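Undergrad: pasting a predicted model and its sequence here:
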Amino acid sequence: MKLWAISDLHLNHERNRDALASLPARAHDHLIVGGDVTEDPRRLRWCLTLLAERFAQLYWVPGNHELWSVGEAALRGVAAYEAMVAVCRDLGVRTPEDPFLVWPGEGPRRVIAPLFVLYDYSFAPDHVAPADAVAWAREDGIVCRDESLLHSDPYPSKSAWCAARLAQTRARLDGIPHDTRTVLVNHFPLRRDLVRLHRIPRFIPWCGTRETEDWHLRYRADVVVTGHLHMRATDWRDGVRFEEVAVGYPRHWRQEKSWGDYLREILPGSVDPPATGHGGPVWHR
């Protein structure tokens, strides 16, 4: 039995839908779906129905695209998120709102912990206050579409929603027994030093919160799984493996490959740790 992960499927693109449809079945294994699947709950249902037929158990976390409000009648903020959660629960998919499952495979006792922690603009450089981060990015011509499509209702701001999610998530993680290891899964990176955006460095404010920088240690993680960056890599920090597993838009993956090639093995794990606790990146093309 293995645990696999993939993220950022972006199924509004036909090539990506075709690639997903051809994904081979691994009937005894589990799969993490790390967000940015789609903005449409109906398409999310199609995706997860297909995957549920090919894997024994699915885990899902939302990306920013799942939180977008597209169209006049679209739900906003928390309501948009809850609509996606409802789709998952109809299909038996574990979400950040469900009790953590103990991994039934080999190895020490672990729980798979899907998380929903947003961003609060604090990944901006030290000299840029979070409140000024959007304006700072705009100086370089960078404006994330979240600023017009991702709403925080009923919270007054995305930062406030992020703060609420941090509090809720800490409370859940604090309840994990101390003799239990974790696999932490979040769409957005948990550490700022793992965000490498060489072409668009000022996109970093929309990539996470500094409040999670030590969660891999605080919550005894064996692996941290994230997406969002469309830059697939394996890194090590403090002896903990960090996996960025985003496929991305069609230009971000090699068309001659199957998406089966882009599934990342999370457990038991096929990558040996470095001699020191700090290593990487190992890029996955």
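TA: Everything's here; your move. Residues are numbered from 1 along each chain as shown.
Undergrad: contacts only, for Phe55.
TA: 4, 25-27, 29-31 (CB atoms under 8 Å, 6 or more residues apart in numbering). C-beta: built from backbone N, CA, C; applies to glycine.
Undergrad: looking at these, which has the most residues close by?
TA: Leu31 (25 neighbours; other CB atoms under 10 Å).
Undergrad: I'd guessed it sits against Ser7; true?
TA: No: using CB atoms under 8 Å, Leu31 is not in contact with Ser7; the gap is 10.8 Å.
Undergrad: state whether Arg170 is indeed within a strand.
TA: No: with DSSP: H, G, I helix; E, B strand; the rest coil as the criterion, Arg170 is located in helix rather than a strand.
Undergrad: ok so, going back, of the contacts of Phe55, which belong to strands?
TA: 4, 26-27, 29-31 (DSSP state E).
Undergrad: for the residue positioned nearest the centre of the chain, which non-adjacent residue is closest in space?
TA: What sits nearest the mean C-alpha location of the chain, by CA atoms, centre = their mean, is His187, with 1.7 Å. Take His187 and drop its neighbours on the chain: the residue closest to it by CB to CB, 6 or more residues apart in numbering is Gly35, 3.4 Å away.
Undergrad: same check on Trp259?
TA: Using CB to CB, 6+ apart, the nearest residue to Trp259 is Ala19, at 4.5 Å.
Undergrad: give me the secondary structure label for that neighbour.
TA: Going by three-state DSSP: Ala19 is helix.
Undergrad: contact partners for it?
TA: 247, 253, 258-259.
Undergrad: over to Pro250?
TA: Taking CB under 8 Å, 6+ apart, one finds 13, 15-16 in contact with Pro250.
Undergrad: for the nearest residue to Ile32 once chain neighbours are set aside, give its distance to Leu48.
TA: Once flanking residues are discounted, Ile32 sits nearest to Ala5: 3.9 Å by CB to CB, 6+ apart. Distance, Ala5 to Leu48, using CB to CB, to the nearest Å: 15 Å.
Undergrad: could you do Gly77 as well?
TA: Between Gly77 and Leu48 the distance is 22 Å, computed by CB to CB.
Undergrad: who's more crowded, these two?
TA: Comparing Gly77 with Leu48 by other CB under 10 Å, the one with more neighbours is Leu48, at 22 against 17.
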